[in-house]
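> The amino acid sequence is not available; the structure is as follows:
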């Protein structure tokens, strides 16, 4: 998937731009409510993926990620269903350098060693080409897109945050989250259902002969 361009919304060479104090943006209440709710989901997702990558409770890593991705996808679906958010400015405000997500990606790659790679249909609408992806790479992409919107929200740029979350949901992170959710659900199903025939037969015998 192509990266989303990050373009400063102010011209650093413009003295007029530097001399003008930014005005507080007027945010409709429904947009403010949506931004507040989305920010809460984003924080929970980023906290969860950080804890999982750090090795906290590895035995429940997949269920925790399954829940976190499901919740943030629900938030994304609400963004996708609302009207297009259009910022007043043409260029994206500068909120500093991107977070260094390489350590997160490496930790997730180690965590999912052996099951990190998976296959999917690239575009179920326009084609049936099967492509390869990784759970760790997709989770890092999702985290990066969500964190960028969160930086705008924390800086008080509510409309910009909503625009970013909404656009990037439609452009990349929503698709990647859906793919990872499918992958993790399949892994969890295999872990729960793929049991030895003898074990299954014994469990069935005990159920029928209490």
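Received the coordinates, thanks. Since we're looking at a predicted model, the values are computed, not measured.

> How about the contacts made by residue 193?
Residue 193 makes no contacts at all, as judged by Cβ atoms under 8 Å, 6 or more residues apart in numbering. No exception for glycine: its C-beta is placed from N, CA and C like everyone else's.

> ditto for residue 66
181, 184, 185, 188.

> Neighbour-wise, which one of those residues leads?
Ranked by the number of neighbours (other Cβ atoms under 10 Å), those place residue 184 first, at 24 neighbours.

> which residues of this protein score low on pLDDT?
1-25, 195-210 (pLDDT under 70).

> So which residue is dead centre in it?
Taking Cα atoms, centre = their mean, the centroid of the chain lies closest to residue 142, which sits 3.2 Å from it.

> Any figure for the gap between that residue and residue 105?
As judged by Cβ to Cβ, to the nearest Å, residue 142 and residue 105 stand 11 Å apart.

> Please tell me how far residue 152 sits from residue 83.
19 Å.

> neighbour-wise, which of those two wins?
A direct count of neighbours by other Cβ under 10 Å for residue 152 and residue 83 places residue 152 higher, at 23 against 8.

> Could you find the closest non-adjacent residue to the more buried one?
Spatially, and ignoring its direct neighbours in sequence, residue 152 is nearest to residue 161 (3.9 Å; Cβ to Cβ, 6 or more residues apart in numbering).

> all strands for this structure, in order.
Secondary structure of the chain (DSSP state E): strands at 117-121, 130-134.

> buried ones in the first one?
Buried residues in strand 117-121, defined by neighbour count with 16 or more other Cβ atoms under 10 Å: 118, 120.

> any idea of the angle that strand forms with strand 130-134?
Interaxial angle of strand 117-121 relative to strand 130-134 (axes from the mean of the first three to the mean of the last three Cα atoms, to 10 degrees): 140 degrees.
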